[in-house]
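Trainee: Output the structure for:
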Amino acid sequence: MSTIGTREFRELTAVVALVNTETTVIETGRTVPVTAPDQVVLAGRLEGGAVASVAVQGGSAPVTPGFELRIVGTEATLVVRPATPGGIHITDWAVSIGKPDGSVADLPVPGRFTPVPAAVPAGPPRNVAAAYREFARAITQGQPATPDFAAAVRYHQLLEAIQRASDTGVRQDAGD
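Mentor: Take a look at the predicted model:
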């Protein structure tokens, strides 16, 4: 398994549900049916032994703007959010750390996590530039680009385990 393996789910339980059966198209005001699940909650143990919980909720007005990732440890909590409002797929990230004494500080994102020059405009141009840079790295080093097909298979297996856990109510091995 890849180096990502120590951070992937080993076992999990989950609930997948369709809560909001209709939504309003913002641009037209038209109400349309919703057929895809809009709530996913999962909890489990990662391959490295850590416990993780994930809640994904769609279709409601957020209390805080958009996506937020919290990593809660014994000495601090890291929070990762989009640096600017918008989708999580095309964004730069802002990271902050909260300590038990109540202090909060912004942390710089290390350069290795920003694979393209800052002059490349944010959004789709930056994502395309990052993909081209990864292809170039793979070609010049004679290695596969990442993520690869094997990663896609692992993530599809994870999604199947999440759905199976929700359907059966039984904890699932995430690697099956």
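
Trainee: Going by C-alpha atoms from here, please, whenever you check contacts or count neighbours.
Mentor: Noted.

Trainee: which residues in the chain form helices?
Mentor: Counting by DSSP state H, the chain has these helices, from start to end: 124-141, 149-168.

Trainee: who are the neighbours in contact with the closest residue to residue 106 other than its chain neighbours?
Mentor: Closest residue to residue 106 in three dimensions, ignoring its sequence neighbours and counting by CA to CA, 6 or more residues apart in numbering: residue 96, at 4.2 Å. Residue 96 is in contact with 78-80, 104-107, counting by CA atoms under 8 Å, 6 or more residues apart in numbering.

Trainee: Let's see that with 6 Å instead.
Mentor: Contacts here follow CA atoms under 6 Å, 6 or more residues apart in numbering; on that basis residue 96 touches 78-79, 105-107.

Trainee: re earlier: reformat the helices of the chain as JSON lines; add mean pLDDT.
Mentor: What follows is those, written out as JSON lines (pLDDT from 0 to 100):
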{"stretch": "helix 124-141", "mean pLDDT": "90"}
{"stretch": "helix 149-168", "mean pLDDT": "92"}
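
Trainee: So for residue 67, which of those sits nearest?
Mentor: Nearest of the helices of the chain to residue 67, taken as CA to CA: helix 124-141 at 17.9 Å.

Trainee: ok, residues contacting that closest one?
Mentor: With CA under 6 Å, 6+ apart as the criterion, helix 124-141 contacts 116, 120, 144-145.

Trainee: If we use 7 Å, what do you get?
Mentor: Outside of helix 124-141, the residues within contact range by CA atoms under 7 Å, 6 or more residues apart in numbering are 90, 115-116, 120, 144-145.

Trainee: List only buried entries from these.
Mentor: 116, 145 (16 or more other CA atoms under 10 Å).

Trainee: farthest-separated two in the contacts of helix 124-141?
Mentor: The most widely separated members of those, counting by CA to CA, are 120 and 144 (24.7 Å).

Trainee: sorry, back to before: looking at the contacts of residue 96, which is nearest residue 32?
Mentor: Closest to residue 32, out of all of the contacts of residue 96 and judged by CA to CA, is residue 79, at 34.2 Å.

Trainee: State the number of residues packed around that closest one.
Mentor: 17 (other CA atoms under 10 Å).

Trainee: Quickly note the distance from the nearest residue in space to it that is not next to it in sequence to residue 101.
Mentor: Excluding its sequence neighbours, the residue lying closest to residue 79 (CA to CA, 6+ apart) is residue 70, at 4.6 Å. Counting by CA to CA, to the nearest Å, the gap from residue 70 to residue 101 is 17 Å.
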